[in-house]
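1. Sequence first, then the predicted structure, then my questions.
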Amino acid sequence: MPASSQSFLDYAPAPESQAILNLRESYGLFINGEFVPGSGKSFSTISPATEKKIAEIAHADAADVDRAVAAARKAFDGTWSRLSGTDRGKYLFRIARLVQERARELAVAESLDNGKPIKESRDVDVPLVAAWFFYYAGWADKLEHAGVGPNPRALGVAAQVIPWNFPLLMLSWKIAPALAAGNTVVIKPAETTSLSALIFAEILQQADLPPGVVNIITGAGDTGATLVNHPDVNKVAFTGSTSVGRMIAKSTAGSGKSVTLELGGKAANIVFDDAPLDQAIEGIVNGIFFNQGHVCCAGSRLLVQENIETEVVERLKDRLRTLRLGDPLDKNTDIGAVNSREQLDRIRELSDIGEAEGATRWTSPCEIPAKGFWFAPTIFTGVETSHRIAREEIFGPVLSVMTFRTPAEAISKANNTPYGLSAGIWTDKGSKILAVADKLRAGVIWANTFNRFDPASPFGGYKESGYGREGGRHGLAAYLTSGPAAGTVRKATR
Amino acid sequence: MSHLPVPKTYKLYIGGAFPRSESGRVYEVTTAKGAFVANAAKASRKDARDAVVAARAAFSGWAGTTAYNRGQVLYRIAELLEGRSAQFAEELQLSDGISAAAAVKQVEAAIDTWVWYAGWADKYVQVAGNGNAVSGPYFNLSTPEPTGVVAIVAPESQGLMGLVSVIAPVLVSGNTAVVVASEKSPLSAITLSEVLATSDVPGGVVNILTGSAAEIAPWLASHADVNALDLAGAGSLQWVDLQIAAADTLKRVLPPEPGLPSPTVSRITFFTETKTVWHTKALI
């Protein structure tokens, strides 16, 4: 009998009001400080929970990209690079405060457009956005301490392309360090999640940020490709899939552009038999079911020590039965909507393959709403390292469980992936944590916790999870150069 | 009675051994004036792949040495270079056609650069890493680690100095290397491999291939078990194609530089990865 039928879990609906939103019917592109119409064919952004249209979004074509880059170049040469670090910092502080002031509005817009639970957008995404701007604001007049060498200076115009899983948070990860370092920006949000970026454009107007310092252009993959390949761009920062990351690495080769890539992951969450199990269960759930599993650093491979596998899996199932799936704007919702039909299809396809390849599927019993895109929390046991669900990024609420006997086997299985973004370690033995952490080939290691993010903490991957770091001093350095030294980029002459 | 010289057979350096090219191929190495010196091994794709296998196998051991130990092992190479300095200088005069004084000066500078880099082994982590003040009850530390196997296209000239400029910074953090020596002047690279073989650097940490960089480098650029590519000496090759090939496995790529790379900490840190470890703190 599934626990979901028990009465103590029946909560009255508690939807966050949408009255706080003041949305326009259609949005243009934000270029040179104002909204202008796009030249491409506009498209609708919908709520993935209801499939209802929210607003019409402009599509930037090549001419629009040109205009945006030209505005950013003009702002770089004419205004932003001439401003003192102190003043650049003060603009960023203003933005941080405005984000805090409009936090609830941004959270509601984010949950509406992305499908993530309001408790996550309200308590994680938006507070981190404000924190990111606040952190980097203070760096703007301290660049000589960034560790890039003498006379640090901005690179120029930064082209930034961000994904749909944390729309506003990824925007802050990109814009805050870029502006603090003195660059100007053209940023493209993901096609399905432009809304919060466009509200953010209004915040930039309220902050009176000089025109052209940040330009926000909406559109699909073609807009992003045109942007990163634009000849007048000095820096490319991309967060998204490894396949698009490869394309960008190829198309920017020999261009002299500085490139940072935050790509996919297939993180191992390693649970030893001496782990604090109550916390570990919560950490595993948070690791893969946070944000519907749409997290590049999600702990999608659970490596559990063989002797506690049965107990861990049973406790996980018990915990998952209590998760509430449904209206993202409901304050009690744990699992929101999958962001798009395309992504839902991908999750379904890989899950079906998991079953076909011989793994055992368990799905949390929960009611799926009639409209919208939903996928119930799912666990696969009996997964082998050769299975596609153990190798490919599913980017959904699907956990693949594997076992190990010795720390060496855990390390070897954890590293058996072309990715290397993150990993988790659960044990109460400190020396084991440090020894295992040393051997894991991943950029972020969470010990007895998972999915923690902070503007002071560098984030980014090894191997095919990309290169460069975001967050902290390292994230600032990614937007600076110290002039002719090692790493001086040479442009191809052909 | 005059002594009839015993010429040396010029071979590759892979996994601590000196094999000939599996292809059986050689090419003529000449002096700056065009006189015949030797038939050097002309490495093939298979040799390059063998070198990557050796470099990968050596990685965890070399990266796992303590920083103090690695610093001493690297410093000992400088000691051995000093003992061979006359040979390096003589070969430089032969291959680059420079004066004896200039050759000695260059070898001395190369040895000093090696010493400079060796001293970084137990220090670069402190300069490139940091503790992070995160907002919550967590210990949070970022430290750099070696990126893995680095393929290097060595500078085409300046013999020992060119090699030191690219090999030393890669080894400091614990990476292993596959080096494509200068095709035209491989003498310094071959002698360096003899120095390395008699040093305390484990076999496979540095592998040196002689032959055509244009032929070998593409195999290394596209090899899935190579983590990074230093194109320092690839300026006259189709290096953009190498960078494009490297993109398939998202290798870290350092583009060619005009002239010789100057010794910098950023050359060390370019071939490292920043690892950030979070740990919960108890609420007491």
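-> Looks like it arrived, so ask away.
2. number of nearby residues for the residue of the stretch 1-150 of chain B found nearest chain A?
-> Nearest to chain A, among the residues of the stretch 1-150 of chain B, is residue B:134, at 3.8 Å (Cβ to the nearest Cβ). Yep, even glycine has a C-beta here, placed from its N, CA and C like the rest. Around residue B:134 sit 19 other residues, with neighbours defined as other Cβ atoms under 10 Å in any protein chain shown.
3. Let me see the contact set for it.
-> Residue B:134 makes contacts with A:452, A:454, A:456, A:457, B:140, B:278, as judged by Cβ atoms under 8 Å, 6 or more residues apart in numbering or on different chains.
4. what about the strands in the stretch 201-350 of chain A?
-> A:214-216, A:235-239, A:258-262, A:268-271, A:301-305 (DSSP state E, counting those that start in this stretch).
5. Distance of the residue of the stretch 1-150 of chain B closest to chain A relative to residue B:281?
-> 11 Å (Cβ to Cβ, to the nearest Å).
6. same check, this time on residue A:266
-> 29 Å.
7. Kindly report the same for residue A:136.
-> Residue A:136 is 25 Å from residue B:281, by Cβ to Cβ.
8. Those two - which one has more neighbours?
-> More neighbours surround residue A:136 than the other of residue A:136 and residue B:281, with 30 against 11 (other Cβ under 10 Å).
9. Let me know whether that one touches residue A:177 as I believe.
-> Yes - applying Cβ atoms under 8 Å as the test, residue A:136 and residue A:177 come out as touching, 5.1 Å apart.
10. and residue 265, how many residues sit next to it?
-> Just so you know, I chose chain A. 29.
11. that answer is for a different chain, and I need it for chain B
-> 19.
12. Residue B:120 is in contact with that one, correct?
-> Yes - Residue B:265 lies in contact with residue B:120 (Cβ under 8 Å); the separation is 6.9 Å.
13. Contacts only, for residue 217.
-> Going with chain A. A:29-31, A:38, A:60, A:64-65, A:68, A:186-188, A:223, A:227 are the contacts of residue A:217 under Cβ under 8 Å, 6+ apart.
14. not quite, I wanted chain B
-> Residue B:217 neighbours (Cβ under 8 Å, 6+ apart): B:151, B:153, B:180, B:234, B:237, B:242.
15. try residue B:94
-> Residue B:94 neighbours (Cβ under 8 Å, 6+ apart): B:31, B:32, B:37, B:187.
16. likewise residue A:142?
-> Residue A:142 neighbours (Cβ under 8 Å, 6+ apart): residue A:85.
17. Take the strands of the stretch 201-350 of chain A and lay them out in CSV including mean neighbour count and distance to residue B:70.
-> Conversion of those to CSV gives the following (neighbours: other Cβ atoms under 10 Å in any protein chain shown; distance: least, Cβ to Cβ, whole Å):
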stretch, mean neighbour count, distance to residue B:70
strand A:214-216, 29, 45
strand A:235-239, 26, 33
strand A:258-262, 24, 29
strand A:268-271, 28, 28
strand A:301-305, 26, 31
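18. what's the closest of those to residue B:218?
-> Closest to residue B:218 of the strands of the stretch 201-350 of chain A, according to Cβ to Cβ: strand A:258-262, at 21.1 Å.
19. Tell me which other helices or strands that closest one touches.
-> Packed against strand A:258-262 by the contact rule (3 or more Cβ pairs under 8 Å, 6 or more residues apart in numbering or on different chains; DSSP states H and E) you find strand A:235-239, helix A:242-251, strand A:466-467.
20. Buried residues in the strand or helix carrying residue B:82, which are they?
-> Assigned by DSSP states H and E, residue B:82 falls within helix B:67-83. Neighbour-count burial for helix B:67-83 flags B:67, B:70, B:71, B:73, B:74, B:75, B:76, B:77, B:78, B:80, B:81 (criterion: 16 or more other Cβ atoms under 10 Å in any protein chain shown).
21. Tell me which residues are up against it.
-> By Cβ under 8 Å, 6+ apart, the surrounding residues in contact with helix B:67-83 are B:62, B:65, B:88, B:107, B:110-111, B:114-115, B:117-122, B:125, B:160, B:168, B:171-172, B:174, B:195-196, B:198-201.
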